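Chemist: My questions concern the predicted model and sequence given below.
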Amino acid sequence: MNHIDVLGLLRQYGLHTNKNLGQNFLKDPSVLEGIAKAALPFGENGILEIGAGIGSLTTLLCQRAKKVVTVEIDRSLQPLLEAQVPFPHHSFLWKDILECDYSALSGEYFSKEPFTIVGNLPYYITTEILSALLMSGQWNCAVLMVQKEVAERLLCPPGSKEYRALSVLTQAFCKGELLFEVPPHCFQPAPHVWSGVLRLTPKDSGIEDREGFARFVKSAFLARRKMFAASPAVQQALKMNKEQLSALLRSADLPENARGETFSPEQFINLYKLAQKNFL
Ligand code: SAM
(Lines give C-alpha, C1' and ligand atoms only; values in the text may rest on other atoms or scores of the structure.)
Protein backbone atom coordinates (compact mmCIF):
# COMPACT_ATOMS: atom_id res chain seq x y z
CA MET A 1 0.00 0.00 0.00
CA ASN A 2 1.30 3.50 -0.82
CA HIS A 3 2.32 5.81 1.96
CA ILE A 4 0.12 8.85 2.61
CA ASP A 5 1.44 12.05 1.00
CA VAL A 6 1.58 14.00 4.28
CA LEU A 7 3.72 16.85 2.91
CA GLY A 8 1.53 17.23 -0.21
CA LEU A 9 -1.62 17.56 1.89
CA LEU A 10 -0.03 20.04 4.31
CA ARG A 11 1.27 22.08 1.38
CA GLN A 12 -2.26 22.39 -0.08
CA TYR A 13 -3.22 24.27 3.10
CA GLY A 14 0.03 26.23 3.42
CA LEU A 15 1.02 24.22 6.53
CA HIS A 16 4.18 22.64 7.92
CA THR A 17 4.65 20.15 10.74
CA ASN A 18 5.41 21.78 14.08
CA LYS A 19 8.25 20.05 15.92
CA ASN A 20 7.37 21.78 19.20
CA LEU A 21 3.97 20.04 19.19
CA GLY A 22 5.45 16.59 18.58
CA GLN A 23 4.00 16.50 15.06
CA ASN A 24 5.37 13.30 13.56
CA PHE A 25 2.45 12.19 11.43
CA LEU A 26 1.92 8.56 10.50
CA LYS A 27 2.19 7.94 6.76
CA ASP A 28 2.19 4.13 6.71
CA PRO A 29 -1.40 2.86 6.22
CA SER A 30 -0.62 -0.56 7.71
CA VAL A 31 0.43 1.02 11.03
CA LEU A 32 -2.71 3.17 11.10
CA GLU A 33 -4.77 0.07 10.39
CA GLY A 34 -2.98 -1.84 13.18
CA ILE A 35 -3.81 0.87 15.73
CA ALA A 36 -7.46 1.09 14.66
CA LYS A 37 -7.81 -2.70 14.77
CA ALA A 38 -6.32 -2.90 18.27
CA ALA A 39 -8.73 -0.23 19.56
CA LEU A 40 -11.97 -1.00 17.85
CA PRO A 41 -13.15 -4.15 19.61
CA PHE A 42 -13.26 -1.93 22.71
CA GLY A 43 -14.62 1.20 21.06
CA GLU A 44 -18.32 0.34 21.10
CA ASN A 45 -19.28 3.24 23.34
CA GLY A 46 -17.07 5.75 21.66
CA ILE A 47 -13.49 6.78 21.17
CA LEU A 48 -11.50 9.72 22.49
CA GLU A 49 -8.58 10.39 20.17
CA ILE A 50 -5.59 12.38 21.35
CA GLY A 51 -4.01 14.48 18.58
CA ALA A 52 -5.51 14.55 15.07
CA GLY A 53 -2.53 15.42 12.87
CA ILE A 54 -3.91 15.35 9.34
CA GLY A 55 -6.80 13.14 10.41
CA SER A 56 -5.57 9.83 8.98
CA LEU A 57 -6.25 7.80 12.12
CA THR A 58 -9.36 9.85 12.90
CA THR A 59 -10.89 8.82 9.57
CA LEU A 60 -10.21 5.12 10.14
CA LEU A 61 -11.77 5.32 13.61
CA CYS A 62 -14.82 7.22 12.31
CA GLN A 63 -15.40 4.58 9.61
CA ARG A 64 -15.99 1.98 12.31
CA ALA A 65 -16.83 3.51 15.69
CA LYS A 66 -20.20 4.84 16.84
CA LYS A 67 -18.79 8.12 18.09
CA VAL A 68 -15.35 9.74 17.96
CA VAL A 69 -14.11 12.86 19.74
CA THR A 70 -10.65 14.20 18.90
CA VAL A 71 -8.70 16.59 21.11
CA GLU A 72 -6.21 18.65 19.10
CA ILE A 73 -4.27 21.69 20.29
CA ASP A 74 -3.15 23.04 16.91
CA ARG A 75 -5.91 25.25 15.51
CA SER A 76 -3.94 25.94 12.31
CA LEU A 77 -4.91 22.38 11.27
CA GLN A 78 -8.64 23.20 11.48
CA PRO A 79 -9.38 23.93 7.77
CA LEU A 80 -7.50 20.82 6.66
CA LEU A 81 -9.09 18.63 9.30
CA GLU A 82 -12.63 19.84 8.74
CA ALA A 83 -12.27 18.92 5.06
CA GLN A 84 -10.59 15.57 5.77
CA VAL A 85 -12.92 14.42 8.57
CA PRO A 86 -16.50 15.22 7.48
CA PHE A 87 -18.36 12.75 9.72
CA PRO A 88 -21.52 13.73 11.65
CA HIS A 89 -20.64 11.39 14.53
CA HIS A 90 -17.25 13.07 15.01
CA SER A 91 -16.38 16.19 17.03
CA PHE A 92 -13.16 18.16 17.38
CA LEU A 93 -12.21 19.68 20.69
CA TRP A 94 -9.61 22.39 20.10
CA LYS A 95 -7.84 22.10 23.43
CA ASP A 96 -4.73 21.05 25.27
CA ILE A 97 -5.27 17.40 26.31
CA LEU A 98 -3.54 18.20 29.61
CA GLU A 99 -6.38 20.58 30.44
CA CYS A 100 -9.09 18.01 29.77
CA ASP A 101 -11.12 16.56 32.59
CA TYR A 102 -11.86 12.96 31.56
CA SER A 103 -14.84 12.73 33.85
CA ALA A 104 -16.43 15.85 32.30
CA LEU A 105 -15.70 14.52 28.79
CA SER A 106 -17.33 11.24 29.70
CA GLY A 107 -20.55 13.02 30.73
CA GLU A 108 -20.53 15.46 27.84
CA TYR A 109 -19.78 13.09 24.96
CA PHE A 110 -20.15 9.48 26.06
CA SER A 111 -23.25 9.46 28.33
CA LYS A 112 -20.94 8.50 31.21
CA GLU A 113 -20.28 5.11 29.54
CA PRO A 114 -16.66 3.93 29.47
CA PHE A 115 -14.87 5.02 26.30
CA THR A 116 -11.69 3.98 24.51
CA ILE A 117 -8.65 6.23 24.24
CA VAL A 118 -6.59 6.16 21.06
CA GLY A 119 -3.60 8.26 20.13
CA ASN A 120 -0.29 8.51 18.42
CA LEU A 121 0.86 10.65 21.32
CA PRO A 122 2.88 13.85 21.08
CA TYR A 123 6.07 12.49 22.69
CA TYR A 124 7.00 15.70 24.55
CA ILE A 125 4.08 15.14 26.97
CA THR A 126 3.74 11.34 27.01
CA THR A 127 4.40 11.06 30.75
CA GLU A 128 1.92 13.79 31.66
CA ILE A 129 -0.80 12.27 29.45
CA LEU A 130 -0.23 8.76 30.87
CA SER A 131 -0.20 10.03 34.45
CA ALA A 132 -3.51 11.83 33.94
CA LEU A 133 -5.07 8.78 32.25
CA LEU A 134 -3.98 6.49 35.06
CA MET A 135 -5.55 8.80 37.64
CA SER A 136 -8.90 8.70 35.81
CA GLY A 137 -11.08 5.60 35.77
CA GLN A 138 -13.39 6.55 32.92
CA TRP A 139 -11.99 4.48 30.03
CA ASN A 140 -12.13 0.79 29.12
CA CYS A 141 -9.01 0.53 26.96
CA ALA A 142 -6.20 2.78 25.70
CA VAL A 143 -4.24 2.11 22.52
CA LEU A 144 -1.32 4.50 22.44
CA MET A 145 1.72 5.00 20.27
CA VAL A 146 4.64 6.01 22.49
CA GLN A 147 8.41 5.85 22.21
CA LYS A 148 9.39 2.19 22.29
CA GLU A 149 11.66 2.71 25.28
CA VAL A 150 8.81 4.40 27.18
CA ALA A 151 6.56 1.40 26.50
CA GLU A 152 9.29 -0.96 27.73
CA ARG A 153 9.84 1.15 30.85
CA LEU A 154 6.15 1.13 31.70
CA LEU A 155 5.99 -2.66 31.44
CA CYS A 156 9.34 -3.59 33.00
CA PRO A 157 9.59 -5.84 36.08
CA PRO A 158 10.27 -4.71 39.68
CA GLY A 159 13.90 -4.12 40.58
CA SER A 160 15.04 -3.44 37.02
CA LYS A 161 16.95 -0.25 36.24
CA GLU A 162 14.05 1.21 34.29
CA TYR A 163 11.37 0.41 36.90
CA ARG A 164 9.87 3.62 38.27
CA ALA A 165 6.72 5.06 39.83
CA LEU A 166 4.90 5.28 36.48
CA SER A 167 5.69 1.58 35.81
CA VAL A 168 4.10 0.67 39.15
CA LEU A 169 1.02 2.82 38.53
CA THR A 170 0.60 1.44 34.99
CA GLN A 171 0.88 -2.17 36.13
CA ALA A 172 -1.20 -1.64 39.29
CA PHE A 173 -4.14 -0.14 37.40
CA CYS A 174 -3.87 -1.88 34.01
CA LYS A 175 -2.88 -4.94 32.07
CA GLY A 176 -0.28 -3.59 29.63
CA GLU A 177 0.82 -5.07 26.31
CA LEU A 178 3.33 -3.85 23.74
CA LEU A 179 1.41 -4.84 20.59
CA PHE A 180 3.94 -3.97 17.89
CA GLU A 181 6.95 -1.81 17.19
CA VAL A 182 7.08 0.94 14.57
CA PRO A 183 10.25 2.11 12.79
CA PRO A 184 10.95 5.84 12.23
CA HIS A 185 10.37 5.69 8.45
CA CYS A 186 6.61 5.18 9.01
CA PHE A 187 6.30 8.84 10.08
CA GLN A 188 6.62 12.23 8.39
CA PRO A 189 8.98 13.64 9.56
CA ALA A 190 10.81 10.54 10.85
CA PRO A 191 11.50 10.73 14.60
CA HIS A 192 14.95 9.78 15.93
CA VAL A 193 13.61 6.82 17.87
CA TRP A 194 11.56 3.67 17.32
CA SER A 195 7.99 3.72 18.58
CA GLY A 196 5.70 1.10 20.05
CA VAL A 197 1.94 0.61 20.21
CA LEU A 198 0.87 -0.04 23.73
CA ARG A 199 -2.52 -1.35 24.83
CA LEU A 200 -3.64 -0.70 28.41
CA THR A 201 -6.70 -2.48 29.76
CA PRO A 202 -7.83 -1.31 33.21
CA LYS A 203 -8.04 -3.90 35.97
CA ASP A 204 -9.50 -3.70 39.43
CA SER A 205 -6.76 -2.71 41.87
CA GLY A 206 -9.08 -2.16 44.84
CA ILE A 207 -7.50 1.31 45.21
CA GLU A 208 -10.04 4.10 45.53
CA ASP A 209 -7.73 7.01 46.30
CA ARG A 210 -5.52 6.86 43.21
CA GLU A 211 -3.84 10.19 43.92
CA GLY A 212 -2.90 9.05 47.42
CA PHE A 213 -1.57 5.76 46.06
CA ALA A 214 0.48 7.64 43.44
CA ARG A 215 2.04 9.85 46.16
CA PHE A 216 2.84 6.74 48.21
CA VAL A 217 4.50 4.97 45.26
CA LYS A 218 6.47 8.07 44.25
CA SER A 219 7.82 8.41 47.78
CA ALA A 220 9.36 4.91 47.55
CA PHE A 221 11.34 5.96 44.48
CA LEU A 222 12.78 9.03 46.24
CA ALA A 223 15.29 6.69 47.80
CA ARG A 224 16.54 4.40 45.05
CA ARG A 225 19.16 1.94 46.31
CA LYS A 226 18.34 2.93 49.90
CA MET A 227 16.32 1.02 52.44
CA PHE A 228 12.66 2.11 52.30
CA ALA A 229 12.19 2.32 56.10
CA ALA A 230 15.49 4.06 56.80
CA SER A 231 15.25 6.69 54.09
CA PRO A 232 14.69 10.24 55.43
CA ALA A 233 13.09 11.17 52.07
CA VAL A 234 10.47 8.41 52.43
CA GLN A 235 9.92 9.23 56.12
CA GLN A 236 9.36 12.88 55.29
CA ALA A 237 7.09 12.20 52.29
CA LEU A 238 4.89 9.76 54.20
CA LYS A 239 5.12 11.55 57.55
CA MET A 240 6.05 8.25 59.21
CA ASN A 241 9.15 7.51 61.29
CA LYS A 242 11.56 4.62 60.79
CA GLU A 243 9.85 2.41 63.39
CA GLN A 244 6.44 2.93 61.76
CA LEU A 245 7.81 2.16 58.30
CA SER A 246 9.55 -0.96 59.62
CA ALA A 247 6.28 -2.07 61.26
CA LEU A 248 4.46 -1.45 57.98
CA LEU A 249 6.95 -3.66 56.10
CA ARG A 250 6.67 -6.40 58.72
CA SER A 251 2.87 -6.32 58.50
CA ALA A 252 3.20 -6.90 54.73
CA ASP A 253 5.66 -9.78 55.25
CA LEU A 254 8.46 -7.77 53.67
CA PRO A 255 12.00 -7.57 55.11
CA GLU A 256 12.75 -4.42 57.10
CA ASN A 257 15.76 -3.69 54.92
CA ALA A 258 13.75 -3.87 51.67
CA ARG A 259 14.29 -1.21 49.00
CA GLY A 260 11.24 0.52 47.52
CA GLU A 261 12.18 -0.08 43.90
CA THR A 262 12.02 -3.86 44.43
CA PHE A 263 8.33 -3.91 45.44
CA SER A 264 5.96 -5.36 42.85
CA PRO A 265 2.77 -3.44 41.95
CA GLU A 266 0.78 -5.93 44.07
CA GLN A 267 3.12 -5.38 47.05
CA PHE A 268 2.71 -1.61 46.68
CA ILE A 269 -1.08 -2.02 46.69
CA ASN A 270 -0.94 -4.18 49.79
CA LEU A 271 1.47 -1.81 51.57
CA TYR A 272 -0.69 1.20 50.75
CA LYS A 273 -3.85 -0.48 52.03
CA LEU A 274 -2.05 -1.48 55.27
CA ALA A 275 -0.58 2.00 55.65
CA GLN A 276 -4.01 3.61 55.12
CA LYS A 277 -5.56 1.31 57.71
CA ASN A 278 -2.88 1.66 60.36
CA PHE A 279 -0.73 4.71 59.82
CA LEU A 280 -1.85 7.38 57.29
N1 SAM B 1 -2.81 11.13 15.00
C2 SAM B 1 -1.93 11.78 14.05
C3 SAM B 1 -1.11 10.74 13.32
O4 SAM B 1 -1.04 9.61 13.80
O5 SAM B 1 -0.53 11.07 12.29
C6 SAM B 1 -1.04 12.82 14.73
C7 SAM B 1 -0.03 12.32 15.73
S8 SAM B 1 1.19 13.52 16.19
C9 SAM B 1 2.43 12.44 16.83
C10 SAM B 1 0.56 14.24 17.68
C11 SAM B 1 -0.61 15.19 17.52
O12 SAM B 1 -0.95 15.69 18.81
C13 SAM B 1 -0.33 16.42 16.65
O14 SAM B 1 -1.41 16.63 15.78
C15 SAM B 1 -0.22 17.58 17.65
O16 SAM B 1 -0.59 18.83 17.13
C17 SAM B 1 -1.15 17.10 18.74
N18 SAM B 1 -0.82 17.69 20.07
C19 SAM B 1 0.38 18.09 20.54
N20 SAM B 1 0.28 18.54 21.78
C21 SAM B 1 -1.02 18.44 22.13
C22 SAM B 1 -1.76 18.76 23.32
N23 SAM B 1 -1.16 19.27 24.38
N24 SAM B 1 -3.08 18.53 23.32
C25 SAM B 1 -3.71 18.00 22.21
N26 SAM B 1 -3.06 17.68 21.07
C27 SAM B 1 -1.74 17.89 21.03
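Modeler: Sure thing, it's come through.

Chemist: packing partners for the longest helix along the chain?
Modeler: Longest helix in the chain by number of residues (criterion: DSSP state H): helix 265-278. Using 3 or more Cβ pairs under 8 Å, 6 or more residues apart in numbering; DSSP states H and E as the contact test, the elements touching helix 265-278 are helix 165-173, helix 210-220, helix 242-251. (Glycine included, C-beta is placed from N, CA and C.)

Chemist: again, only using 6 Å
Modeler: Contact partners of helix 265-278 among helices and strands, from 3 or more Cβ pairs under 6 Å, 6 or more residues apart in numbering; DSSP states H and E: helix 165-173, helix 210-220.

Chemist: can you pull out the strands in the stretch 51-200 of the chain?
Modeler: Ranges of strands in the stretch 51-200 of the chain, per DSSP state E, counting those that start in this stretch, are 68-72, 90-94, 115-120, 139-147, 174-182, 187-188, 195-202.

Chemist: among the ones you listed, which is nearest Val217?
Modeler: Taking Cβ to Cβ, strand 174-182 is the member of those nearest to Val217, at 14.3 Å.

Chemist: So what touches the closest one?
Modeler: 31, 38, 148, 151, 155, 170, 194-203 (Cβ atoms under 6 Å, 6 or more residues apart in numbering).

Chemist: Please apply the same query to stretch 232-247.
Modeler: With contact meaning Cβ under 6 Å, 6+ apart, stretch 232-247 is reached by 219, 222-223, 228-230, 256, 279.

Chemist: For Glu113, report the pLDDT, please.
Modeler: At Glu113, the model reports a pLDDT of 91.

Chemist: Actually, Val71.
Modeler: 98.

Chemist: any idea how this protein splits into domains?
Modeler: Following automatic domain parsing, one finds the domains of the chain at 6-202, 210-278.
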